[in-house]
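**Q** just to be clear, the model below is a prediction. Sequence and coordinates:
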Amino acid sequence: MRDTDTFVTYHKALMELSHDTGFVGQRRHLKLEALTALCGRLLEVERVSVWAFPPERDRITCETLYDRRGLSNQHGTCTSSPRNGDLSPVSLFKSDHPNYFEAIVTERVIAVNDARTDPRTASFKADYLSAVGVHSMLDTPVFEGSRLSGVVCLEACHPRTWSLPELSFAVAIADTVSLINTHEGWMNSKRALDYITRYDTLTGLANMDSLRDRVAHLADKIKRRRSGSLALIWIDVDRLKAINDGLGPQAGDSVIAEIGNRLKNLRLEGKDVLARIGGDEFALLIRNRPRAASLEDAALHIQDAIRQPIRVAGQSLSVSASLGICHLPEDCEQPQELLRGAEAAMYHAKHLGRAQATVFDSAIQISAQSRFALERELRAAINNRELDVFYQPILDRSGDRMVSMEALVRWNHPSRGWLSPIEFLDIARGGSLMYALGECVLRRVCEDWQQADAAGLELPVISVNLSAEQVLAAELPDRIIDLCAEHQMPVSALQFEVTEDSIQGDFNTLACVLERLVAAGAELAIDDFGTGYSSLARLKSLPFSRIKIDRSFINQLPGDEDDCAITLSILGLARGLGLMVVAEGVETPAHEQWLVEQGCDFLQGYLYSRPLPFPELIDRFFHHHPVPDLSPK
């Protein structure tokens, strides 16, 4: 047969095999067995095998062997002793065969008539070629994408000169294996990506995206069939933040992982999907259980499972959870309404005192609608820059000279009037609006400073609060520098206040953000000191220059011995760390006198001034200057 006819015959057989629907649907190892068997039969070669490199390429290991001499096609094994049927996996090491490994990388195709004498393969003679009875070899490379991942090896037990059609066919077999490997690698990557995007890495449970899709699918079935029901139980672990603050985030992760495992193993009738939908939140979807009593029983089982002591960091922790329950189609018709209803019921349970379960009803619906409406309005107010900033003076210990002033956000709601932060910060946090809100406040501070500067007024340092969402954003320093430059304001005109709870996140990111702010010229203060958990090691390692004592410790001074002791310890700690101290909530002359006597550096509170709109602040504290029109434009 002419070479051309042989070439066509070989490649036609390979095409028929590779396009066969049975072959396409097979697993990888069965495809390799079929390809090596085809190659062995057509080329009348005693042995055809597929070998794989590990990532470090220090060895090559046989995956699949076809042997025409009587041994069956084997997956994952090669034989080094065919006469006794030894099917142990064979690995050949680069350190023993350097010439072969260099040749397969540089020459790609290795075709040898006598493998025992060829310098590229002679090193195999002692422990491989003689044992197997190989005389001639033809090796072609296999790839996964662009990475060399293995070899297809043809081995003849008699002298053989490889023809051009045989060389071409061996390369085609190797290329087919390469396509299989590349597709397999792509599928593995896709599965890994699907897992990352669809499942929670800490607990292995479904995430919010998976839950939404499942709820939408089941809700659609109920609508089409006009039968069936769903119940969603929203589970919020109570006071996980206290565990994170007291024992560290690793302890909190251990608690969440244990609770996830307990919920996963909980046997409940109708249980469909369990998801982790937030840092301390889970959701359990239950099908076809419309009776309220049965769901109440399920809620009790869930709470009992969570309530069992959890051993973490050598301590036995008691944990509870607040649950919200919503039904479809009884309480709502749309999948998103089911999620929102269960969440709203959970918030209601928390307001009732935690460790309770609440079923969604019309009263909760009205409250939830109000909350969601307020979130929507707050988002619009932030986007439209409609929030206001009031300023409260911070004075030296004489109580006469303003040394700085704190910027405090206010919202003049169109129907509710002036709202203080306590009335909408929780909404902002729940709606992931804290970063945007913080930037809105900072922009307004820069605008006020710019107007005062244009009027010839020299303002003291302005203190601005940063949320946890801001201080853990690596881009924050650049954003602040850009905003200041936009308003021709030096960064040194700002001081940033960070609460204790905000410095419990990733230390490397946190330290980098804070150090860059200080390098740009800003000062830093710890706000509400004494109400959270902050290790001295962190305080000492971060570039703070001030501590602000929380107002809760000032209220009862000097009559309350405990508050006096706590305040004195904070003052002593600050002196030891070389930090200045600001006392918040100074409202009486007795507060002032005691704090001054104890060496407190700065004072802030209603004794001196309530927070004021910027024009009022200017009018009151800069009255010796001509008062410009500084009303919001």
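**A** Perfect, I can see it now.

**Q** the stretch 1-150 of the chain: strands as residue ranges?
**A** Taking DSSP state E, counting those that start in this stretch as the criterion, the stretch 1-150 of the chain carries its strands at 47-52, 59-67, 74-75, 91-93, 110-112, 136-144, 147-156.

**Q** swap in the stretch 351-500 of the chain?
**A** Going by DSSP E, counting those that start in this stretch, the stretch 351-500 of the chain shows strands at 357-359, 388-396, 402-413, 417-419, 461-466, 494-499.

**Q** next, format these as JSON lines and append mean neighbour count, mean pLDDT and distance to residue 450.
**A** (C-beta placed from N, C-alpha, C; glycine too.) Below are the strands of the stretch 351-500 of the chain laid out as JSON lines (neighbours: other C-beta atoms under 10 Å; pLDDT from 0 to 100; distance: least, C-beta to C-beta, whole Å):
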{"stretch": "strand 357-359", "mean neighbour count": "22", "mean pLDDT": "91", "distance to residue 450": "49"}
{"stretch": "strand 388-396", "mean neighbour count": "21", "mean pLDDT": "96", "distance to residue 450": "13"}
{"stretch": "strand 402-413", "mean neighbour count": "20", "mean pLDDT": "95", "distance to residue 450": "14"}
{"stretch": "strand 417-419", "mean neighbour count": "13", "mean pLDDT": "90", "distance to residue 450": "25"}
{"stretch": "strand 461-466", "mean neighbour count": "22", "mean pLDDT": "96", "distance to residue 450": "12"}
{"stretch": "strand 494-499", "mean neighbour count": "23", "mean pLDDT": "94", "distance to residue 450": "13"}
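
**Q** isn't residue 219 up against residue 328?
**A** Yes: Residue 219 is within contact range of residue 328, at 6.0 Å (criterion: C-beta atoms under 8 Å).

**Q** of these two, who's got more company?
**A** Just comparing residue 219 and residue 328: by other C-beta atoms under 10 Å the higher neighbour count belongs to residue 328, 24 against 21.

**Q** OK, contacts around the more buried one?
**A** Residue 328 sits next to 219, 222, 229-232, 335, 337-338 when contact means C-beta atoms under 8 Å, 6 or more residues apart in numbering.

**Q** switch to 7 Å and redo it
**A** Neighbour list for residue 328: 219, 229-230, 338 [criterion: C-beta atoms under 7 Å, 6 or more residues apart in numbering].

**Q** any stretches of the stretch 451-600 of the chain with poor pLDDT?
**A** Filtered on pLDDT under 70, the stretch 451-600 of the chain yields the residue ranges 501, 504-506, 530-538.

**Q** 50 - rerun?
**A** Within the stretch 451-600 of the chain, the segments meeting pLDDT under 50 span 533.

**Q** now stretch 197-208, how far from the chain's geometric center?
**A** 10 Å (C-alpha atoms, centre = their mean, to the nearest Å).

**Q** avg pLDDT for that stretch?
**A** Per-residue pLDDT values across stretch 197-208 average out to 87.

**Q** can you pull out the helices in the stretch 51-200 of the chain?
**A** In the stretch 51-200 of the chain, the segments counted as helices under DSSP state H, counting those that start in this stretch are 98-106, 130-132, 164-198.

**Q** quick one: buried residues of the shortest one?
**A** Residues of helix 130-132 classed as buried: 131-132 (neighbour count, 16 or more other C-beta atoms under 10 Å).

**Q** just the ones of the contacts of residue 328 in helices?
**A** 219, 338 (DSSP state H).

**Q** just among the contacts of residue 328, which is most surrounded?
**A** Neighbour max across these (other C-beta under 10 Å) = residue 338, 28 neighbours.

**Q** so what's that residue up against?
**A** Residue 338 makes contacts with 215, 230, 232, 326, 328, 332, as judged by C-beta under 7 Å, 6+ apart.

**Q** run the last query once more with 8 Å
**A** Contacts were defined as C-beta under 8 Å, 6+ apart; by that measure residue 338 touches 215, 219, 230, 232, 326-328, 331-332.

**Q** in strands, which of the residues you listed fall?
**A** 230, 232, 326-328 (DSSP state E).

**Q** out of the helices of the stretch 51-200 of the chain, flag the one nearest residue 55.
**A** Taking C-beta to C-beta, helix 164-198 is the member of these nearest to residue 55, at 12.1 Å.

**Q** roughly how far out does that closest one sit from the chain middle?
**A** Averaged C-alpha coordinates place helix 164-198 at 31 Å from its chain's average position (C-alpha atoms, centre = their mean).

**Q** stretch 587-605 now?
**A** Chain-centre distance of stretch 587-605: 44 Å, with C-alpha atoms, centre = their mean.

**Q** can you pull the buried residues of it?
**A** Going by neighbour count (16+ other C-beta under 10 Å), the buried part of stretch 587-605 is 591-592, 594-596, 598, 600-605.

**Q** what's next to it, contact-wise?
**A** Applying C-beta under 8 Å, 6+ apart, the contact partners of stretch 587-605 are 392-397, 399, 403-404, 406, 546, 548-549, 551, 554-555, 557-558, 564, 567-568, 571, 575, 580-586, 606-607.

**Q** tell me if I am right that residue 572 is in a helix.
**A** Yes: assessed with DSSP: H, G, I helix; E, B strand; the rest coil, residue 572 lies in a helix.

**Q** ok, it - how many residues close by?
**A** The local packing of residue 572 (other C-beta under 10 Å) involves 12 other residues.

**Q** same deal with residue 371?
**A** Neighbours of residue 371 (other C-beta under 10 Å): 18.

**Q** ditto for the one 4 residues further on
**A** One way to gauge burial is a neighbour count; for residue 375, by other C-beta under 10 Å, it gives 17.

**Q** and for the nearest residue to it once chain neighbours are set aside, the neighbour number?
**A** Of all residues not flanking residue 375 in the chain, residue 431 sits nearest, at 4.4 Å (C-beta to C-beta, 6 or more residues apart in numbering). Number of residues near residue 431 (other C-beta under 10 Å) recorded here: 19.

**Q** can I assume residue 431 is in contact with residue 374?
**A** No: counting by C-beta under 8 Å, residue 431 sits too far from residue 374 to count as a contact (9.3 Å).

**Q** just to be sure, residue 512 is in a helix?
**A** Yes: assignment of residue 512 by three-state DSSP places it within a helix.

**Q** from residue 468, how far out is it?
**A** As for residue 512, its distance to residue 468 is 15 Å (criterion: C-beta to C-beta, to the nearest Å).

**Q** those two: which is more packed in?
**A** Using other C-beta under 10 Å, the more surrounded residue of residue 512 and residue 468 is residue 468, with 18 against 14.

**Q** contacting residues around the residue nearest to that one when sequence neighbours are not counted?
**A** Excluding its sequence neighbours, the residue lying closest to residue 468 (C-beta to C-beta, 6+ apart) is residue 502, at 3.9 Å. Contacts of residue 502 were listed using C-beta under 8 Å, 6+ apart, and they are 466-468, 471-472.

**Q** now residue 153
**A** By C-beta under 8 Å, 6+ apart, the contact list for residue 153 reads 47-51, 137-139.

**Q** and the buried ones among the residues you listed, selectable in ChimeraX?
**A** Of those, the buried ones go into a single ChimeraX selection, burial set by 16+ other C-beta under 10 Å:
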select :47,48,49,50,51,137,138,139
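
**Q** next, give phi and psi for residue 613.
**A** phi -60, psi 150 (degrees, to the nearest 10).

**Q** ok, residue 269 next?
**A** In terms of degrees, to the nearest 10, the main-chain angles of residue 269 are phi -60, psi 130.
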